[in-house]
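Asks: 3D, please:
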Amino acid sequence: MEQTRYLHSCNVIHDGSHYIATLIRHKKQTKRKREELLEIDIRFNEAYNASLQFGLSDGKKRKEQMSFVLDALKLDFPLNDEKELREYVQARLIKKYICLSERLKRLKRKLCLHQWNYFVTFTYDDDKCSEEVFRKKLRRCLTNLHTRRGWKYMCVWERGETGRLHMHAIIYVPNGAMWGSLEQKEAYNPKKKKMEKWTQNSEFSQRFGRNDFDPICPVRAKSGNSANYLWKYVIKECAKLIYSRAVPDKVELVLDVESDFQSDYECIIKKIAHKVIKFVLYDDIIDCTAEINGKFAPHIIKNRVNFKPDYI
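Replies: Residues are numbered from 1 along each chain as shown. A predicted model of the protein is given here:
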């Protein structure tokens, strides 16, 4: 009996362990009206950002963060009912936590879905540029490298203990697309009181100052110290991550879904969410590291992908 084949458009993500495909259901999109901020909303955002500066971003310190924000609002709105004010702060904090969770989810998917090969730290030399010029020109430089050489990057600004600005970035440089040359450097580190070696890019060094190109393997890029740096600053300081284009957190692919339930099919499907059909794929089915003319181009490796759907 001839088997029936069904082609479906699916959104494919990587959750850190497996590729997961979800059937695309086209829904009518409606424009969301932007919420107008009241005076109390603006003051809440200021108090919330101040709480992050005091290290109250950890999940274990949410009670302290609640008290901190509530005390700050009581000073500005003493006539408000305390119970209503507490309910307002609690509701706004829950929204903040949900937004942070979604940001971390997108960050993890971007890290796992794409290929990365360098963890880089950029600093600047006062003799070569000021902080303002460093911030502006480094962003423009990375943008040009993405456009002209196909670089991909995810980066975040940070200030050290002395208040000096620098940037941490996870970067993918295609083969033969390195800008300048990588040179081995060695110098004495007075803070660690020992000699230190690092790999420096000649072009960035000439324009800005010291930089460190640390090669990383795919596993370390997704779950090692490189990823932890970005995670830390998103959680601790609610820092804004800077992405290059062509770094989506999901890709759309057309998969051949077999609907016949036959015993010789390998079951590679698991129930993941209520009322949602999701397919857990083997790692060798999809190649999400492929590129065509320097552009991100994921594709199906195998000509035929067998699924055993589990309708929930």
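Asks: ends of stretch 31-41, how far apart?
Replies: In stretch 31-41, first residue to last residue: 22 Å (CA to CA, to the nearest Å).
Asks: residue contacts, Ile13?
Replies: Each residue near Ile13 by CB atoms under 8 Å, 6 or more residues apart in numbering is listed here: 19-20, 22, 109, 113, 249-250. In short, each C-beta sits where N, CA and C put it, glycine included.
Asks: measure it to Lys136 for me?
Replies: Remark: distance between Ile13 and Lys136 (CB to CB, to the nearest Å) = 34 Å.
Asks: One more: Cys99?
Replies: 28 Å.
Asks: how about the helices in the stretch 51-200 of the chain?
Replies: With helices called from DSSP state H, counting those that start in this stretch, the stretch 51-200 of the chain shows them at 62-76, 82-113, 131-149.
Asks: Adding distance to Val254, write those helices out as TSV.
Replies: Converted to TSV, these look like this (distance: least, CB to CB, whole Å):
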stretch	distance to Val254
helix 62-76	43
helix 82-113	18
helix 131-149	27
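Asks: Just tell me which of the ones you listed ends up closest to Lys240.
Replies: Ranking the helices of the stretch 51-200 of the chain by their distance to Lys240 (criterion: CB to CB) puts helix 82-113 first, at 9.5 Å.
Asks: Just the buried positions in that closest one, please.
Replies: For helix 82-113, the neighbour count (16 or more other CB atoms under 10 Å) marks 85, 88-89, 92-93, 96, 106-113 as buried.
Asks: Same question for stretch 112-131.
Replies: Within stretch 112-131, the residues scored as buried using 16+ other CB under 10 Å are 112-114, 116-124, 129.
Asks: Likewise for stretch 65-84?
Replies: By 16+ other CB under 10 Å, the buried positions in stretch 65-84 come out as 65-66, 68-70, 72-73.
Asks: just stretch 163-179 next, same as before
Replies: Buried residues in stretch 163-179 (16+ other CB under 10 Å): 165-173, 178.
Asks: next one: stretch 250-257
Replies: Using 16+ other CB under 10 Å as the test for burial, stretch 250-257 gives 250-251, 253, 255, 257.
Asks: same deal with stretch 130-147?
Replies: By neighbour count on 16+ other CB under 10 Å, the buried set for stretch 130-147 is 134, 138, 141-142, 145-146.
Asks: low-confidence ranges in the stretch 101-250 of the chain?
Replies: Scanning the stretch 101-250 of the chain for pLDDT under 70 picks out 218-231, 233-239.
Asks: ok, 90 please
Replies: 101-117, 119, 150, 154-164, 168-170, 174-176, 180, 185-198, 214-250 (pLDDT under 90).
Asks: Now do the strands in it.
Replies: For the stretch 101-250 of the chain, applying DSSP state E, counting those that start in this stretch gives strands covering 118-122, 152-159, 165-172, 182-189, 194-201, 211-215, 242-243.
Asks: got JSON lines for those, with distance to Glu36 too?
Replies: Formatted as JSON lines, these follow (distance: least, CB to CB, whole Å):
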{"stretch": "strand 118-122", "distance to Glu36": "38"}
{"stretch": "strand 152-159", "distance to Glu36": "29"}
{"stretch": "strand 165-172", "distance to Glu36": "34"}
{"stretch": "strand 182-189", "distance to Glu36": "51"}
{"stretch": "strand 194-201", "distance to Glu36": "46"}
{"stretch": "strand 211-215", "distance to Glu36": "43"}
{"stretch": "strand 242-243", "distance to Glu36": "28"}
